[in-house]
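Asker: Below is the structure, and that's it, no one-letter string:
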RNA sequence: GGCGCCUUCGUCAAGUGGUUAAGACACCGCCCUCUCACGGCGGGUUCAUGGGUUCGAAUCCCAUAGGCGUCACCA
């Protein structure tokens, strides 16, 4: 390929209505590479399996890419010079190319039934099926004239080996006897993946094929096709898979048992699309020149290079995703975060709903995903039952007895504060004054207060913040109730 | 099973013959602190195993093991 060739990459999903995070990463890398090189990124839909067709899947894919800020230059609904970009609309093209291959002797009509199962049982599956490989021309014409159903198969070399170059893995060589005379055109007239893929990549001018490692062993078949047509080979880049780890620590290809595996699942859990994209970019790619980890899409487009790709599988790590998501939360303003987080809080009692912005600000630095919000704020909606042992805190020198002494005067002070002054700042100042007067350590007084108020040791916000959120009435109610239980 | 790919801390990873083997997440400790979190400082038997090559190997070669993929009229 010469220097002036414009880089063109593509993402070619089948319309399943589900965007696996591994697929999203493939799309991302193909997109980033094209953009890093000032080239084009194409979206092509590979819907040649009628049985697997899912309604609205194309729209779903487009929406997902949009949410992830991956923007195709060409594709269905976008246009471009080499469309259509949906394979089911290109049927005639494949047929023509398949027939050309028959004429040039690289493929042949096959009228056999699909006997694979029988053959496998018989244990002679290798080399199958080549029955029609050398069918006399007259015989072929007789079948065609009779309208017999057929497939077109690729004629593989019986000996030797095929080698191609992969950017990540170097030369890959597969013995030709491993290659089956694969079907190119199916009985229903539609092409198989292995055929349509090659035709389209060539016709659409794709220069770099970035796809999953599961295609490493079928690529020699594609290479043979390119050679049969006399076409230049594109550059192959086979990405290592994304793995998951289950509860037992077993590693396997990322799937349901590892939790959410689709982009949309993660978004619904409250990971920001930008954070997911950022994390996924780093899962199998490293910028090399910097230790930076938080990247905008613009930065990624500039930095991305094939050299940073990793050839070994990477395990999807929710901890790291959570950290990156948290970093994105911290970069938002309080108002932005409050708006984004509100739907996850569910129905809020009036007192809390009115103070949502204040609550959200407390939550912002404490969360790794929005779906954790209900659990974080449950104690504000309803006082959880708790054991007196929670009052005991060594570092703040608090015991149950001590709490019994500390609480009553504080409750009295709080009861005397006017509703109008019931703000975090005022409450904090008032309590602080009392604490200093009686010579307590701040933590010693605040600990039991927060426990009596919240019923749990870990809370978003400190004692006075919780007082403010709960409001005077509920706060005093909770405190008196807790004190009663403690006195028994 | 055949063929193929992969193998640096628990995880993501830098590293391309000479480094105290970066950095990040997670974990642990300390500091900060009205708890937690945030922030700051610090900690940890990491080069799968066995052979070579070399003055010297995480880096090169060969085996072994393990993991993964593939062997469809699915992609």
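Answerer: Sure thing, it's come through. Remember, it's a predicted structure, so these values are computed and weren't measured experimentally.
Asker: RNA strand B contacts on the stretch 301-450 of chain A?
Answerer: A:308, A:310-315, A:317, A:319-320, A:322-323, A:326, A:330, A:365-366, A:395-396, A:424, A:428, A:442-443, A:446-447, A:450 (C-beta under 7 Å from any atom of the strand). Bear in mind the C-beta positions are built from the backbone N, C-alpha and C, glycine included.
Asker: what about burial for those, which qualify?
Answerer: A:313-314, A:322, A:326, A:396, A:424, A:428, A:446-447, A:450 (16 or more other C-beta atoms under 10 Å).
Asker: Spatially, which two of those residues are the most separated?
Answerer: A:313 and A:428 (51.5 Å; C-beta to C-beta).
Asker: List the residues that contact the residue in chain A that RNA strand B sits nearest to.
Answerer: Distance from RNA strand B to each residue of chain A (C-beta to the nearest atom of the strand) is smallest for residue A:462, at 2.6 Å. Residue A:462 makes contact with A:446, A:450, according to C-beta atoms under 8 Å, 6 or more residues apart in numbering.
Asker: again with residue A:272
Answerer: Contacts of residue A:272 (C-beta under 8 Å, 6+ apart): A:325, A:328-329, A:340.
Asker: Just among the residues you listed, which is most surrounded?
Answerer: Counting neighbours by other C-beta atoms under 10 Å, residue A:325 leads the contacts of residue A:272 with 25 neighbours.
Asker: So that residue belongs to a helix, correct?
Answerer: Yes. Checked against DSSP: H, G, I helix; E, B strand; the rest coil, residue A:325 lies within a helix.
Asker: For residue A:245, see how far away it is.
Answerer: 19 Å (C-beta to C-beta, to the nearest Å).
Asker: what's the answer for residue A:435, then?
Answerer: Taking C-beta to C-beta, one finds residue A:435 at 48 Å from residue A:245.
Asker: Check residue A:292 too.
Answerer: 26 Å.
Asker: of those two, who's got more company?
Answerer: Set side by side, residue A:292 and residue A:245 show more neighbours around residue A:245, with 16 against 9, by other C-beta under 10 Å.
Asker: What residues sit buried inside stretch A:398-410?
Answerer: In stretch A:398-410, counting by 16+ other C-beta under 10 Å, buried: A:398, A:402-403, A:406-407, A:410.
Asker: for stretch A:266-274, same thing?
Answerer: Going by neighbour count (16+ other C-beta under 10 Å), the buried part of stretch A:266-274 is A:266-267, A:269-274.
Asker: ok, that stretch near RNA strand B or not?
Answerer: No. Residues of stretch A:266-274 contacting RNA strand B under C-beta under 7 Å from any atom of the strand: none, with a closest distance of 13.4 Å.
Asker: Confirm for me that residue A:335 is in contact with residue A:361.
Answerer: No. Using C-beta atoms under 8 Å, residue A:335 is not in contact with residue A:361; the gap is 9.4 Å.
Asker: In terms of neighbours, single out the busier of the two.
Answerer: residue A:361 (17 against 11).
Asker: residue contacts, that one?
Answerer: Taking C-beta under 8 Å, 6+ apart as the test, what residue A:361 contacts is A:334, A:337-338.
Asker: Strands - which of the buried ones among the residues of the stretch 301-450 of chain A next to RNA strand B land there?
Answerer: If you go by DSSP state E, those have residue A:314 in strands.
Asker: Confidence-wise, which of the buried ones among the residues of the stretch 301-450 of chain A next to RNA strand B comes last?
Answerer: Least confident by pLDDT among these: that is residue A:396, with 91.
Asker: any idea how far residue A:230 is from it?
Answerer: In terms of C-beta to C-beta, residue A:396 sits 80 Å off from residue A:230.
Asker: do the same with residue A:47
Answerer: 29 Å.
Asker: would you list every one of the strands in the stretch 151-300 of chain A?
Answerer: Counting by DSSP state E, counting those that start in this stretch, the stretch 151-300 of chain A has these strands, from start to end: A:151-154, A:161-166, A:170-175, A:183-185, A:208-212, A:235-239, A:242-245, A:251-253.
Asker: Looking at those, which one is packed in the most?
Answerer: Most buried of the strands of the stretch 151-300 of chain A by mean neighbour count (mean count of other C-beta atoms under 10 Å) is strand A:183-185; its value is a mean of 25.
Asker: Using JSON lines, please lay out the buried residues of stretch A:266-274 together with pLDDT and distance to residue A:346.
Answerer: As requested, these are exported to JSON lines (pLDDT from 0 to 100; distance: C-beta to C-beta, whole Å):
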{"residue": "A:266", "pLDDT": "96", "distance to residue A:346": "20"}
{"residue": "A:267", "pLDDT": "97", "distance to residue A:346": "18"}
{"residue": "A:269", "pLDDT": "96", "distance to residue A:346": "15"}
{"residue": "A:270", "pLDDT": "96", "distance to residue A:346": "13"}
{"residue": "A:271", "pLDDT": "97", "distance to residue A:346": "19"}
{"residue": "A:272", "pLDDT": "98", "distance to residue A:346": "20"}
{"residue": "A:273", "pLDDT": "98", "distance to residue A:346": "22"}
{"residue": "A:274", "pLDDT": "97", "distance to residue A:346": "24"}
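Asker: Max pairwise distance over those: which two?
Answerer: A:269 and A:274 (14.8 Å).
Asker: Tell me, how many residues neighbour residue A:484?
Answerer: Residue A:484: 9 neighbours (other C-beta under 10 Å).
Asker: How much space separates it from residue A:407?
Answerer: From residue A:484 across to residue A:407, the span is 11 Å (C-beta to C-beta).
Asker: what does residue A:13 give?
Answerer: Where residue A:407 is concerned, residue A:13 sits at a distance of 61 Å (C-beta to C-beta).
Asker: Residue A:468 now?
Answerer: Counting by C-beta to C-beta - residue A:468 and residue A:407 are separated by 18 Å.
Asker: what's the answer for residue A:141, then?
Answerer: Taken as C-beta to C-beta, the span from residue A:141 to residue A:407 is 99 Å.
Asker: Check whether stretch A:198-212 comes into contact with RNA strand B.
Answerer: No. Legend: contact between stretch A:198-212 and RNA strand B by C-beta under 7 Å from any atom of the strand is lacking; minimum distance shown is 7.8 Å.
Asker: do the same with stretch A:56-63
Answerer: No. If you take C-beta under 7 Å from any atom of the strand as the test, stretch A:56-63 misses RNA strand B, and the best it gets is 11.9 Å.
Asker: And that stretch, how far out from the chain middle?
Answerer: Its chain's C-alpha centre and that of stretch A:56-63 lie 16 Å apart, by C-alpha atoms, centre = their mean, to the nearest Å.
Asker: Show the average pLDDT along it.
Answerer: Computed over stretch A:56-63, the average pLDDT equals 94.
Asker: now stretch A:108-119
Answerer: 72.
Asker: And stretch A:460-478, by the same measure?
Answerer: Stretch A:460-478 comes out at a mean pLDDT of 97.
Asker: what ranges of chain A fall below the confidence cut-off?
Answerer: A:1-4, A:114-129, A:249, A:257, A:259, A:488 (pLDDT under 70).
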